[in-house]
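K.L.:
Pasting the sequence and the predicted model now:
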Amino acid sequence: MSTSPTKLTQAYKDARYFSRNVRAIEVLVDQNAIMSGAATNGSPWRYYDLGHGWCSYEFFDQCPHRMACARCDFYVLKDSTRGQWLETREGLLKMLQEIPLS
């Protein structure tokens, strides 16, 4: 007995196989920076969750030294005072952003 391509596709869809394999990163979006206009003046408004810290580099997905962040000006360590303050602020949205893998 062979499985038809249609049945196989439906099985993958039912198992949510394709959604599990999407590469996405959690992002905090600062609504206050956007609404106040601070984002247009260069203030960070999007913070990418790296697990150990936050990256506010606008073009994170194109960063030439991705994940070598310790000395980068865009990096905020989660355990630092600024990192903890960032996580507790009001007006932050938690979202997922798809990023291309390179």
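P.N.:
Received, thanks. Nothing here was measured: the structure is a model prediction, and the numbers come from that model. Residues are numbered from 1 along each chain as shown.
K.L.:
can you give me the helices in this protein?
P.N.:
In the chain, the segments counted as helices under DSSP state H are 5-14, 17-20, 31-36, 81-88.
K.L.:
where are the low-confidence patches of this protein?
P.N.:
1, 12, 14-22, 66-67, 101-102 (pLDDT under 70).
K.L.:
try 80
P.N.:
In the predicted model of the chain, residues 1-3, 5, 7-23, 65-67, 100-102 satisfy pLDDT under 80.
K.L.:
just the helices of the chain: most buried one?
P.N.:
helix 31-36 (a mean of 15; mean count of other CB atoms under 10 Å). The way it works is simple: take the backbone N, C-alpha and C, and place the C-beta from them, glycine included.
K.L.:
Which strands or helices does that one pack on?
P.N.:
The contact analysis (3 or more CB pairs under 8 Å, 6 or more residues apart in numbering; DSSP states H and E) places helix 31-36 against no helix or strand.
K.L.:
hey, C-alpha coordinates of that helix in CSV?
P.N.:
Extracted C-alpha coordinates of helix 31-36, given in CSV (Å, rounded to 0.1, in the frame of the first residue of the first chain):
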residue,chain,number,x,y,z
GLN,A,31,5.4,50.6,21.8
ASN,A,32,6.3,53.6,23.9
ALA,A,33,9.4,54.4,21.8
ILE,A,34,7.3,54.0,18.6
MET,A,35,4.4,56.2,19.8
SER,A,36,6.6,58.9,21.3
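K.L.:
Any idea how far that helix is from the middle of the chain?
P.N.:
18 Å (CA atoms, centre = their mean, to the nearest Å).
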